[in-house]
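Q: Fold the following and give me the result.
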Amino acid sequence: MRQAAARMALKQLRPRIGSAPDRLQSVSAESWRASTSGTTAGRGYGSKWQTARLGFLRSHPLCVICEAAGRITAADTVDHVRPHLGDMRLFWDRSNWQPLCRSCHSSTKQRAELATRAR
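A: Down below sits the predicted model:
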């Protein structure tokens, strides 16, 4: 029964796989998110990023925002200091990376970016 279901799923996927867009193409800064069909891998966050991210977090285990506030919190997110907006050179520039905890990345960093964009 499982094999039949797997064969059916594969038949349904084949047409989509054949027409999938080339995810490595260059895109404009305004449209980089929209042009990747909403996938994280399409935006560069695939297995190569996951490997680099883990190595960076091993070398930089503490959240820099918490540390500046006198707190010690484990970092679990690698943040791009300057948003890369699809620029792969900036994306892979390790001097543009900083370790953050999930809370700081989701709140403090997002507020700062929104304030910058509003100006």
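Q: switch to C-alpha atoms for all contacts and neighbour counts from now on
A: Will do.
Q: Could I get the full set of strands for the chain?
A: All strands of the chain, identified by DSSP state E, fall at 77-80, 97-100.
Q: which of the ones you listed sits most buried?
A: strand 97-100 (a mean of 23; mean count of other CA atoms under 10 Å).
Q: strand partners of that one, parallel vs antiparallel please.
A: As defined by DSSP bridges, the strand partners of strand 97-100 come to strand 77-80 (antiparallel).
Q: Identify the residues contacting the strand it pairs with?
A: 53, 56, 57, 91, 96, 97, 98, 99, 100, 101, 102, 105 (CA atoms under 8 Å, 6 or more residues apart in numbering).
Q: Output these as TSV; include the columns pLDDT and distance to residue 113.
A: Below are those laid out as TSV (pLDDT from 0 to 100; distance: CA to CA, whole Å):
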residue	pLDDT	distance to residue 113
53	96	21
56	97	22
57	97	22
91	93	16
96	96	15
97	97	15
98	96	15
99	98	16
100	96	15
101	95	16
102	94	16
105	92	11
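Q: which among those residues gets closest to residue 114?
A: residue 105 (12.7 Å; CA to CA).
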